[in-house]
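A.B. asks: pasting the structure only:
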């Protein structure tokens, strides 16, 4: 077979994992070779072969021998431009970049098809959870109307330290940071930006349309406090950070919010850096996918799995696109909530009160927003 040459964009947490797996796995010895690696500073990577390193992306994107690009630099604009340029230059692209895909997935897939190359992104939505290929196959013949999951391994690890090992929030946060599960800047994780990007990518595939991330709702897990977590634990609940998307006719609701689940539930047992993604389809019923959603090697392995798809000429991804879907958080669905507040809540939506903890009846998101503007914290209730 003809030689395959890889250009690796980025040698950080994910990129170094990809490098290690490719170099150490005999499968790739005769099939693919890493030719160039884009880094910010060559001096920082003295342990790597210096002839592979470059600080100029053009050395990779314009190299006619390189036919596979693995994008692992993260971020938005620069990564998007490099992915786009690589596809136009007829190079296959593998990426874990949910920030780019949550905005440009359909555009980039169309570009890949036009240039007869593959765009693969298994690692972008579940880390090591192999779900993209399954969804692509299911979405063609199966009407999927509900997606739910724990899709941020970093915050799940944080919450597990608190609820399983008895850490207070600040100590758990520091420990998760020390172990590398939270980045030096954890904003994407604890403010919900990371999981909302992932659920938008999943929804784009499952619901077969274009979805604006600007209309998705997020509530930061960073607002969680020890008093709330101890209270729900004593009530036989576990706090999780769930991403969820519903489709009803041409309307979609997407949200990332704290949720309390019963300790005996399956979601409560998904611990540490594990992720779980659940999809409901008209033909299949409920399907669940579980695996490690954070960490250098699980994410690296997902990228390398995409690489094998390209090497075996099995990388074509296509799913129906029915155009723009209307994202409406406010009044599409109704749920019960536990609100921690010292303010009065209208009696007509209160189920019962327990001091500063208020259990609501089933309310819309619009009502929820009105009563939680000054709340200390809240979580959706799943019984």
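C.D. replies: Yep, that arrived. It should be emphasised that the depicted structure is a prediction, and the values quoted were computed from it without experimental measurement.
A.B. asks: where does pLDDT dip in the protein?
C.D. replies: The model of the chain has pLDDT under 70 over residues 1-2, 329-331.
A.B. asks: domain parsing of it, as residue ranges.
C.D. replies: When the chain is parsed into structural domains using automatic domain parsing, the resulting residue ranges are 4-121, 130-291+321-326, 330-383.
A.B. asks: let's have these in TSV, adding distance to residue 306 and mean neighbour count.
C.D. replies: Just so you know, the C-beta spots here come from the backbone N, C-alpha and C atoms, and that holds for glycine as well. As requested, the domains of the chain are exported to TSV (distance: least, C-beta to C-beta, whole Å; neighbours: other C-beta atoms under 10 Å):
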stretch	distance to residue 306	mean neighbour count
domain 4-121	4	19
domain 130-291+321-326	9	19
domain 330-383	33	16
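A.B. asks: let's have those in TSV, adding distance to residue 304.
C.D. replies: Rendered in TSV, the data for the domains of the chain read as follows (distance: least, C-beta to C-beta, whole Å):
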stretch	distance to residue 304
domain 4-121	5
domain 130-291+321-326	12
domain 330-383	35
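A.B. asks: and of those, who's closest to residue 310?
C.D. replies: Closest approach to residue 310 among the domains of the chain (C-beta to C-beta): domain 4-121, 5.0 Å.
A.B. asks: got the end-to-end distance for the closest one?
C.D. replies: Using C-alpha to C-alpha, to the nearest Å, one end of domain 4-121 lies 19 Å from the other.
A.B. asks: please apply the same query to stretch 201-214.
C.D. replies: When the termini of stretch 201-214 are compared using C-alpha to C-alpha, they are 13 Å apart.
A.B. asks: got a list of what residue 380 touches?
C.D. replies: 242, 257-260, 335-337 (C-beta atoms under 8 Å, 6 or more residues apart in numbering).
A.B. asks: residue 72 contacts residue 10, doesn't it?
C.D. replies: Yes: here residue 72 lies in contact with residue 10, judged by C-beta atoms under 8 Å, at a distance of 3.7 Å.
A.B. asks: and the contacts of residue 380, which two are the farthest apart?
C.D. replies: Pairwise distances across the contacts of residue 380 peak at 14.2 Å for 242 and 336 (criterion: C-beta to C-beta).
A.B. asks: in this protein, which spans are helices?
C.D. replies: Taking DSSP state H, the helices of the chain run over residues 13-24, 58-61, 77-88, 98-114, 123-126, 132-139, 153-165, 169-178, 187-190, 193-206, 226-234, 296-311, 365-371.
A.B. asks: what does the first one rub up against?
C.D. replies: Same thing as helix 13-24. In contact with helix 13-24 (C-beta under 8 Å, 6+ apart) are residues 6, 8-9, 11, 28, 32, 34, 37, 48, 70, 72-74, 96, 123, 180, 296-297, 299-301, 303-304, 307.
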